[in-house]
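**Q** please work out how this folds:
(2 chains)
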Protein chains: 2
Amino acid sequence: MQKIKDQSFIKSFGNKLRETRKLKNFSQEQLAFEADIPISQVGRIERGEVNTTISTVSVLAKALKVSLKELFEF
Amino acid sequence: MQKIKDQSFIKSFGNKLRETRKLKNFSQEQLAFEADIPISQVGRIERGEVNTTISTVSVLAKALKVSLKELFEF
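**A** Model (predicted):
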C-alpha cells in the first residue's frame, strides 16, 4: 500500500503546485528561474514523476510567495 | 545563500518534527515503526542532517496523526 499511497500523494502535490503556479500567472520557466531550479524539475514535480525534497518545496513556495502550508492544502 | 537557507530550513523542520513527536508521546522508535521508515532516518531528519522527501513527510504526519501543514508551522 505504501508505494501506491505515495504515488497518489506525489501526484496530488504536483497538481497543487501547478494550480498555485497558474493562479500566480507564472510560467514553468519563470518559477524555475525564481526558485533557481531546472525547468525540467518543475515539470517532473508537477507531473508527479519525482518525489521532491522539503527544501525544494521551500524554495518553490518562496518563489510563488505562498506559505509552504498552502502547497500542502489538498 | 541558497545552501545556507536550506540548511536552516531543514534544521527547523527537524526541530518541529521532534517537538510534534514529543507532544504525541512517541519515541523515535514508535514513530519509525508507525511510519514504516528506519529509526536512523527519523533521527537524521530530526537533527536536520537529511533533506527528506515529501512522501516521507506525508507518512510521518499520518503516523503522528497530524496534518502535513502542522509539520510546516514554524
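
**Q** ok, now which ones touch A:K16?
**A** Shown here is A:K16, whose contacts under the criterion CB atoms under 8 Å, 6 or more residues apart in numbering or on different chains are A:L71, A:F72, A:E73, A:F74. Heads up, the C-betas are built off the backbone N, CA and C, glycines and all.

**Q** what about the second one, distance to A:A61?
**A** In other words, A:F72. Look at A:F72 and A:A61: by CB to CB, to the nearest Å, they are 10 Å apart.

**Q** buried ones in the longest helix anywhere in chain A?
**A** Taking residue count as the measure and DSSP state H as the definition, the longest helix of chain A comes out as helix A:2-23. By neighbour count with 16 or more other CB atoms under 10 Å in any protein chain shown, helix A:2-23 contains the buried residues A:D6, A:F9, A:I10, A:F13, A:G14, A:K16, A:L17, A:R18, A:T20, A:R21.

**Q** same check on stretch A:45-61?
**A** Taking 16+ other CB under 10 Å as the basis for neighbour counts, the residues of stretch A:45-61 that come out buried are A:45-46, A:48, A:50-61.

**Q** can you tell me if that stretch touches chain B.
**A** Yes: remark: stretch A:45-61 sits within contact range of chain B at A:N51, A:T52, A:T53, A:I54, A:S55, A:V57, A:S58, A:V59, by CB under 8 Å from any CB of the partner chain.

**Q** ends of that stretch, how far apart?
**A** 13 Å (CA to CA, to the nearest Å).

**Q** need the residues that contact it.
**A** For stretch A:45-61, with CB under 8 Å, 6+ apart as the criterion, the contacting residues are A:6-7, A:10-15, A:17-18, A:21, A:28, A:31, A:35-37, A:41-42, A:44, A:67-68, A:70-71, B:2, B:5-6, B:9-10, B:13, B:51-55, B:57.

**Q** which residues touch the residue nearest in space to the middle of chain A?
**A** Of all residues in chain A, the one closest to the mean position by CA atoms, centre = their mean is A:L17, 4.0 Å from it. Shown here is A:L17, whose contacts under the criterion CB under 8 Å, 6+ apart are A:I45, A:E46, A:L60, A:L71.

**Q** and the two most separated of those?
**A** Pairwise distances across those (CB to CB) peak at 11.6 Å, for the pair A:E46 and A:L71.
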